[in-house]
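Enquirer: okay, structure incoming, though there's no sequence with it:
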């Protein structure tokens, strides 16, 4: 069975400093992994996805994530936070290549301070 | 990316009444649509998966007679919350997949349901 654990429920950073949102996964099969962002009362937007190609995945808005099989991790990073990055971020796992069942992590709320 | 439109964005209804939420794929044919529920400060939980023209597949613990899902066309799926109660108050989000050349699922903007 697949599962995903987001290690921090809240992360607070200052504008211009690096962002690190941590995610560990568990999967019996080759997983596909995603990061989604949700702004208040809005739907979800795909930031990036890993589907067994390059382990370092670049996404939109300057975000990237690295798939580390040995650590079963897929942490999301950004070199310099913007105020507009403040939102809820979800790490998601599913069977490789499939979108039928997205298993969501509990989410990490990112706050960005001036 | 493709656009999925969900309507209404907010709805308040009286206990015991039914509410219909629509999910439309505006510029592609959605062969599969998914309905999620999100409680405050919690993650999204998949409620059901629907394929156009067939019955929806519900996740364990989701009452299919209470949450009626219809996917009658390739661009429209509806979720009807029947005999709503205050505990049904939640944020409901749909997603759709089927865009040609992509396996991505695109999300609607969500519907905030409040049952009073």
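Expert: Arrived safely, thanks for sending. Remember, it's a predicted structure, so these values are computed and weren't measured experimentally.
Enquirer: before we move on, which element is residue A:45 in?
Expert: strand A:44-50 (DSSP states H and E).
Enquirer: what packs against that strand?
Expert: Packing contacts for strand A:44-50, counted by 3 or more Cβ pairs under 8 Å, 6 or more residues apart in numbering or on different chains; DSSP states H and E, involve strand A:31-38, strand A:56-58, strand A:64-68, strand A:73-78. All C-beta spots, glycine's among them, are computed from the backbone N, C-alpha and C.
Enquirer: go again using 7 Å as the cut-off
Expert: With contacts taken as 3 or more Cβ pairs under 7 Å, 6 or more residues apart in numbering or on different chains; DSSP states H and E, strand A:44-50 sits against strand A:31-38, strand A:56-58, strand A:64-68.
Enquirer: now it: average pLDDT?
Expert: Averaging the model's pLDDT scores along strand A:44-50 yields 90.
Enquirer: what's the angle from that strand to strand A:31-38?
Expert: Here strand A:44-50 runs at an angle of 150 degrees relative to strand A:31-38 (axes from the mean of the first three to the mean of the last three Cα atoms, to 10 degrees).
Enquirer: just the residues contacting strand A:44-50, thanks.
Expert: A:32-38, A:57-60, A:63-65, A:67, A:74, B:93, B:104, B:107 (Cβ atoms under 7 Å, 6 or more residues apart in numbering or on different chains).
Enquirer: buried among these? Make that a ChimeraX selection.
Expert: Selecting the buried subset of the contacts of strand A:44-50 in ChimeraX, with 16 or more other Cβ atoms under 10 Å in any protein chain shown as the burial test, is done by:
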select /A:32,33,34,35,36,37,38,57,59,63,64,65,67,74 /B:93,104,107
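Enquirer: hmm, stretch B:80-92 in reach of chain A?
Expert: No. Residues of stretch B:80-92 contacting chain A under Cβ under 7 Å from any Cβ of the partner chain: none, with a closest distance of 7.7 Å.
Enquirer: what is the nearest residue to residue B:13 once chain neighbours are set aside paired to in the beta sheet?
Expert: Leaving aside its sequence neighbours, residue B:13 sits nearest to residue B:19 (Cβ to Cβ, 6 or more residues apart in numbering or on different chains; 5.0 Å). Here residue B:19 sits in beta bridges with residue B:81, going by DSSP bridges.
Enquirer: ok so, going back, okay, the helices and strands packed on strand A:44-50 in CSV with mean pLDDT next?
Expert: Below are the helices and strands packed on strand A:44-50 laid out as CSV (pLDDT from 0 to 100):
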stretch, mean pLDDT
strand A:31-38, 90
strand A:56-58, 94
strand A:64-68, 95
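Enquirer: so what's residue B:39 up against?
Expert: residue B:90.
Enquirer: ditto for residue B:84
Expert: Residue B:84 touches B:13, B:15, B:17, B:18, B:19, B:115, counting by Cβ under 7 Å, 6+ apart.
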